[in-house]
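[1] Pasted the sequence and its predicted model underneath.
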Amino acid sequence: MRTTAFVVGASLVMLAMGAAPAHAQLGALGKIKKGADKAVEGKQKFDDYNITDQEEKELGDQVSLKLRDHFGVYQNEAVTKYVTLVGSALAQSSKHPNYDWKFIVLDTDGVNAYAAPGGIVHITRGLLGLMKNEAELAGVLGHEITHVTEKHTVNAIKQSKGISMASETAGGSDLRKEFLTRMAAAAFNKIFEGEFSQKDENESDKIGVQVANKVGYAPTGLADVLKKIDARNSSRQDRNGMFASHPAIKDRLDSIDKEIKADKLTATATAESRYKQNITFDAKPITEIAADVEGAAGLAAGDKKKEDTKDTKEAKDTKDKDTKDKDTKEQKKSGFGLSSITGGKQAQNNQQVASAGARGGVPDRDAKGGPNKNALTVKITPAELEAFKKGIAS
């Protein structure tokens, strides 16, 4: 195709040039060939990152597998079904109601939530214990659902240009599979480290609150969770927990309040009694969370090793420098938010916790997980979901 385009373009130019000197003709042909090469290369890069819905689902499956392998899955069918009912009610009112939505409870005391591409939302047992009503759960799940519907993870990887395959070989099925595997590794690192942009986080807050309100939940649920996490981390100064790249708590609360007023979001349901019936445990204080830093570090290192091939090293080095500069600027500008909400300096009484501090002081992110890695499959009928939705206002 490239040769055909080149020949046709060259022929047209030759006709137009008429009796122009030979050296001028050759110079013009050289420019045409260079432009054609760049066009082909640009199209190939676009094709590399032009992820189909099926490929996005495959990326999500790989990310979810890594999260489940690290944290384990809470083997409580009743809790999983309850979270799935809330999540499904929200997903129905989202931008992509027909995604194959799945909701997984991770078996860890860490307070966190993760959205994998394609429609797999994960929430930790610790976060469920911290929240006290269904509107709060809806606020968090609405935020995570929005990360999926707005394709924040995939788009961030596209924009970073940190993954590439040689343009002349990227079309093969095996190489395409390798490309997607490397993309999944990058997606996991972004999600695990909470590296969404401030723009993406603000968008997830805004749309997530709108979705929760549309279903009937009080739109203040997400803000109430933020306040709880802020209070939980009041003794810490370093990053900790979920949504590491979010703006500062005060800024986020102000933005959510403005959104509620501007869009006149007036739903009032909290479904507190139903939440307490289904979630009967509390979150552990940060000081009591056992950390599995070695496992987290090994997982991230393994993924990074796969990405650090020769053709991506220069891009990675540039990205690392840009990220470091960006982090410094953002920390000065707005602090941290719901994936890495602030927390203070604390005495660390065992080697595992000390290792967590050395790696960046992120107990919730590096919290130890459970032994069972198998996802629970729960079935919800349309009738069950409709009946559940009717109970939101009660």
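    Received it, and whenever you're ready, just let me know what you need. Residues are numbered from 1 along each chain as shown.

[2] When you work out contacts or count neighbours from here on, use the C-alpha atoms and nothing else.
    Fine.

[3] quick one: average confidence on stretch 128-147?
    On average, the pLDDT along stretch 128-147 is 98.

[4] who touches Thr108 in this structure?
    If a contact means C-alpha atoms under 8 Å, 6 or more residues apart in numbering, then Thr108 has Phe71, Gly72, Tyr74, Thr124, Arg125, Gly126, Ala367, Lys368, Gly369, Gly370 as its contacts.

[5] Who is it paired with across the strands?
    For Thr108, the beta-bridge partners are Gly369 (DSSP bridges).

[6] Arg274: neighbouring residues, count only.
    15 (other C-alpha atoms under 10 Å).

[7] Wasn't it part of a strand?
    No - assigned with DSSP: H, G, I helix; E, B strand; the rest coil, Arg274 falls outside any strand and is helix.

[8] name the helices or strands packed onto the helix or strand that Val63 is a member of?
    In this assignment (DSSP states H and E), Val63 forms part of helix 53-71. Applying 3 or more C-alpha pairs under 8 Å, 6 or more residues apart in numbering; DSSP states H and E, we find helix 53-71 packed against strand 113-116, strand 120-124, helix 173-193, helix 293-307.

[9] Flag every buried residue along that helix.
    Neighbour-count burial for helix 53-71 flags 56-71 (criterion: 16 or more other C-alpha atoms under 10 Å).

[10] isn't Val209 right next to His143, touching?
    Yes - Val209 is in contact with His143 according to C-alpha atoms under 8 Å; the separation is 7.3 Å.

[11] Could you pull up the contacting residues of Lys177?
    Going by C-alpha under 8 Å, 6+ apart, the list of residues near Lys177 is empty.

[12] Work out for me the element Gly110 sits within.
    Applying DSSP H and E, one finds Gly110 in no helix or strand.

[13] do Glu195 as well
    Using DSSP H and E, no helix or strand contains Glu195.

[14] Drop anything exposed from the contacts of Thr108.
    Phe71, Gly72, Tyr74, Thr124, Arg125, Gly126, Ala367, Lys368, Gly369, Gly370.

[15] Which members of the residues you listed define the maximum pairwise distance?
    Tyr74 and Ala367 (14.2 Å; C-alpha to C-alpha).

[16] What ranges in this protein fall below the confidence cut-off?
    1-49, 161-173, 237-247, 293-361 (pLDDT under 70).

[17] what's near enough to touch Leu292?
    Careful, residue 292 is Asp; it's not Leu. Taking C-alpha under 8 Å, 6+ apart as the definition, contacts of Asp292 comprise Gln352, Asp366, Ala367, Lys368, Gly369.

[18] For Ala283, state which of those residues is nearest.
    Ala367 (12.5 Å).

[19] That closest one contacts Ala290, doesn't it?
    Yes - using C-alpha under 8 Å, Ala367 is in contact with Ala290, at 5.8 Å.

[20] Just the C-alphas of the helix holding Val63, formatted as CSV.
    Output of helix 53-71 as CSV, limited to C-alpha atoms (Å, rounded to 0.1, in the frame of the first residue of the first chain):
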residue,chain,number,x,y,z
ASP,A,53,-14.4,-3.3,22.9
GLN,A,54,-13.3,-7.0,23.0
GLU,A,55,-9.7,-6.0,23.5
GLU,A,56,-10.6,-3.6,26.2
LYS,A,57,-12.5,-6.4,28.0
GLU,A,58,-9.4,-8.6,27.7
LEU,A,59,-7.3,-5.8,29.2
GLY,A,60,-9.8,-5.6,32.1
ASP,A,61,-9.7,-9.3,32.6
GLN,A,62,-5.9,-9.3,32.9
VAL,A,63,-5.9,-6.3,35.3
SER,A,64,-8.6,-7.9,37.4
LEU,A,65,-6.6,-11.2,37.6
LYS,A,66,-3.5,-9.2,38.9
LEU,A,67,-5.6,-7.5,41.5
ARG,A,68,-7.3,-10.7,42.7
ASP,A,69,-3.9,-12.5,42.7
HIS,A,70,-2.5,-9.8,45.0
PHE,A,71,-5.4,-9.1,47.3
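
[21] And the contacts of that helix?
    106-108, 116-120, 154, 180-181, 183-185, 187-188, 295-296, 299, 367-371, 373-375.

[22] what's the angle from it to helix 173-193?
    50 degrees (axes from the mean of the first three to the mean of the last three C-alpha atoms, to 10 degrees).

[23] Quick check: what element follows helix 53-71 along the chain?
    helix 77-92.

[24] and that following helix, which residues are buried?
    Across helix 77-92, burial judged by 16+ other C-alpha under 10 Å covers 79-91.

[25] I'd like to know how many residues surround Glu178.
    15.

[26] circling back: ok, the contacts of Thr108 vs Gln277, which is closest?
    Arg125 (15.3 Å).

[27] still on that earlier bit, of the contacts of helix 53-71, just the buried ones, ChimeraX syntax please.
    Selection of buried members from those for ChimeraX, criterion 16+ other C-alpha under 10 Å:
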select :106,107,108,116,117,118,119,120,154,180,181,183,184,185,187,188,295,296,299,367,368,369,370,373,375
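
[28] For Ser273, list the residues it contacts.
    Asn133.

[29] quick thing: my sequence starts at 128, can you match it?
    New numbering, starting at 128: the last item is Ser400.

[30] From Lys259, how far out is it?
    9 Å (C-alpha to C-alpha, to the nearest Å).

[31] now Ser287
    38 Å.

[32] More neighbours: those two, which one.
    Lys259 (23 against 11).

[33] can I assume the more buried one sits in a strand?
    No - applying three-state DSSP, one finds Lys259 to be coil, outside a strand.

[34] residues contacting it?
    With C-alpha under 8 Å, 6+ apart, Lys259 has these contacts: Glu399, Tyr402, Lys403.
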